[in-house]
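Chemist: Have a look at this prediction, sequence included:
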Amino acid sequence: MEHHCSYISYGGTGYFSKTVIDYLGRNEQLRPFYRYEASVEGIQQAINARQAFDTNRPLLVTELQKQYTGITLSARQEANLHALLSNDTFTVTTAHQPNIFTGPLYFIYKILHAIKLADELKQQLPQYNFVPVYYMGSEDADLDELGYLNLDGQKLTWNTQQTGAVGRMKVDKALLPIIESIQGRIGVHPFGEDLVQLFRQAYTLGKTIQQATLELVNALFNTYGLLVVIPDNAALKASFNRVVAKELTEQFSHTIVAKTIEELSRHYKVQAGGREINLFYLLDDKRERIELEEGKYLVRSLELQWTKEQVLQELEAHPERFSANVILRGVFQETILPNIAFIGGGGELAYWLELKNVFETAGVPYPVLVLRNSFLVLNQKQEDKIKDLGFCMQCFFAHATNLLNELVKKRSTRQLGLEKEREAITALYSQLQAVTASIDPTLQQHTEALQTKALKPLVELEKKMLRAEKRKFETEKEQINKLKEALFPHNSLQERIDNFAVLYAIYGKEWLQVIYDHSKGLAQEFGVITMK
């Protein structure tokens, strides 16, 4: 498949936070908030720490084997599953909720990044094995975030009446019409029907969303050796009981995170704040807060309450009913997996930076943090049009208004700037300052104020001149706006809005290989891929 890829810095896109840019730049202000550098040396240090931690590998492999019952594993998956029993095997993990039909494009990019980094590390550190893992955040209850996809500019929403953890919800009659809508939009493309068939096989009536997501992800990535972990599992959760009991009895994470946030917020915008108890109670179709009041543990919406002894008995009897929130989810993940690197987006990295001391207090190894790969995918016609308009690809990350202003200034034959006039006024007032200062030095400030007052109308006049001239470039304005909406929908990055279905329908499964080929493991740049 003919294509080419170029890279730009994350800072050069204008779409990433100061926290992300400083993390990539290894700014000293952030250094206290993570343990290892995102480098081969950092990976080796994470391996050393992980080897000193007793991960229950037989339990993990046993539960994965149960989870994959009825699903045919590829040879690479079989090898990876067996390798997890070895103390020289480590996971490279990315995590995401079970968005229906995978949700935004970066769902795909995160997984391929985990696969690529695992493969690269095997080359760089051949004495170890590395297994790519997708850890499914199936206990997330935010259906508003997970229950839709954007396809060709249209938002397709799952209007179900189900509540609770989205992974436990079932494919119902309200979801199936979405597959028909997808078919109507992508069926005309060469590989559209192939993808629709994958969707039909995964999302069958009565199947849980977490099972459907497992089957779809497996169909897309099994040949790469990817393993999926569904952590909504009583046996896996039982291995985390020690930390859950500590949270219930000591509420240790809230105090630690509050202190870290106080330090971090001096320089950066903070993410997750957490609660006094960073656990939910998960029962059937409910996922509700656990609160502590006057020595009683309460789940108000379910009218449940326990004493300290009773809640610990409940935990021992039903570990599957206790669900970590964002503050403790990572600690659970790193407890059950022999993990050395976590791949996440900017928001995920920001809240993981708040958690290092939580991991230390829980006695669980903290991984290397790696910003997930990002891509913009366009076709040759779109790239040619950008060039015809006179822009480089990086320039096109700017706002549409700024792009049009730049184009008008380049192409207009008229004077649109008043630089010389401003210079003349500045020179005049400099002379006046010299004259007034010789009479009374206190008049200098007044003269400077008059200069500012004189220059201000010229700035406004320049804006009006540019606006007037822009009216002659309506065709170019329309072209810019059309391209921007296609490549940066809703003034956001393509990967944060669009679903992968259209790209897959046009280019087939080989498109996944293109993304894999241009994914970078530990090197961090934003990829721009033009499909010929």
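Modeler: All right, it came through fine. Numbering: from 1, shown residues only.
Chemist: Spell out the secondary structure type for N357.
Modeler: helix (DSSP: H, G, I helix; E, B strand; the rest coil).
Chemist: Can you give me the neighbour number for the closest residue in space to it that isn't next to it in sequence?
Modeler: Nearest non-adjacent residue to N357, counting by Cβ to Cβ, 6 or more residues apart in numbering: I256, 4.8 Å away. Just so you know, the C-beta spots here come from the backbone N, C-alpha and C atoms, and that holds for glycine as well. Residues contacting I256 under the criterion other Cβ atoms under 10 Å number 20.
Chemist: Begin at 11 from now on, thanks
Modeler: Renumbered: residue one is now 11, and that last one reads I266.
Chemist: in the helix or strand hosting I266, what counts as buried?
Modeler: Here I266, judged by DSSP states H and E, is contained in helix 262-274. Neighbour-count burial for helix 262-274 flags 262-264, 266-267, 270-271, 274 (criterion: 16 or more other Cβ atoms under 10 Å).
Chemist: Run through who's touching that helix.
Modeler: For helix 262-274, contacts defined as Cβ atoms under 8 Å, 6 or more residues apart in numbering pick out 42-43, 256-257, 280, 282-288, 337-338, 363-368, 371-372.
Chemist: any idea of the pLDDT on K466?
Modeler: pLDDT for K466: 70.
Chemist: Give me the neighbour count for it.
Modeler: 10.
Chemist: go on, L226?
Modeler: There are 21 residues near L226, going by other Cβ under 10 Å.
Chemist: again with the one 10 residues further on
Modeler: Residues lying near L236 (other Cβ under 10 Å) number 24.
Chemist: who does the closest residue to it other than its chain neighbours bridge with?
Modeler: Spatial nearest neighbour of L236, chain neighbours left out: P142 (5.0 Å); criterion: Cβ to Cβ, 6+ apart. With DSSP bridges as the criterion, P142 is bridged to V102.
Chemist: Might you report the residue contacts of P142?
Modeler: P142 neighbours (Cβ under 8 Å, 6+ apart): 90, 101-103, 121, 124-125, 127-128, 234-237.
Chemist: Now F385: which helix or strand?
Modeler: Going by DSSP H and E, F385 is in strand 384-389.
Chemist: Same list, the buried residues of helix 262-274, but as JSON lines with distance to R195 and pLDDT please.
Modeler: Listed next are these as JSON lines, based on distance: Cβ to Cβ, whole Å; pLDDT from 0 to 100:
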{"residue": "F262", "distance to R195": "49", "pLDDT": "97"}
{"residue": "S263", "distance to R195": "44", "pLDDT": "97"}
{"residue": "H264", "distance to R195": "46", "pLDDT": "95"}
{"residue": "I266", "distance to R195": "47", "pLDDT": "96"}
{"residue": "V267", "distance to R195": "43", "pLDDT": "95"}
{"residue": "T270", "distance to R195": "45", "pLDDT": "96"}
{"residue": "I271", "distance to R195": "43", "pLDDT": "95"}
{"residue": "L274", "distance to R195": "43", "pLDDT": "95"}
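Chemist: ok, those vs R178, which is closest?
Modeler: Taking Cβ to Cβ as the measure, R178 lies nearest S263 of those, at 24.6 Å.
Chemist: Show me this structure divided up by domain.
Modeler: Split into domains by automatic domain parsing, the chain comes to 13-248+337-382+510-541, 390-501.
Chemist: how near is N288 to L226?
Modeler: Applying Cβ to Cβ, to the nearest Å, the value for N288 to L226 is 30 Å.
Chemist: let me fix that: V141
Modeler: 20 Å.
Chemist: Over to L236?
Modeler: 12 Å.
Chemist: How about F385?
Modeler: 20 Å.
Chemist: And for H106?
Modeler: 13 Å.
Chemist: name the element L292 belongs to?
Modeler: Under the assignment here (DSSP H and E), L292 is part of strand 289-293.
Chemist: Direction included, what does that strand pair up with?
Modeler: strand 296-299 (antiparallel), strand 332-334 (antiparallel).
Chemist: for the nearest residue to P114 once chain neighbours are set aside, helix, strand, or coil?
Modeler: Excluding the flanking residues, the one nearest P114 by Cβ to Cβ, 6+ apart is R506, at 5.5 Å. Secondary structure, three-state DSSP: R506 is helix.
Chemist: Touching, R506 and Y119? I think so.
Modeler: No: the pair R506 / Y119 is not scored as a contact, 10.6 Å apart, by Cβ atoms under 8 Å.
Chemist: quick one: which of the two has more around it?
Modeler: Y119 (22 against 17).
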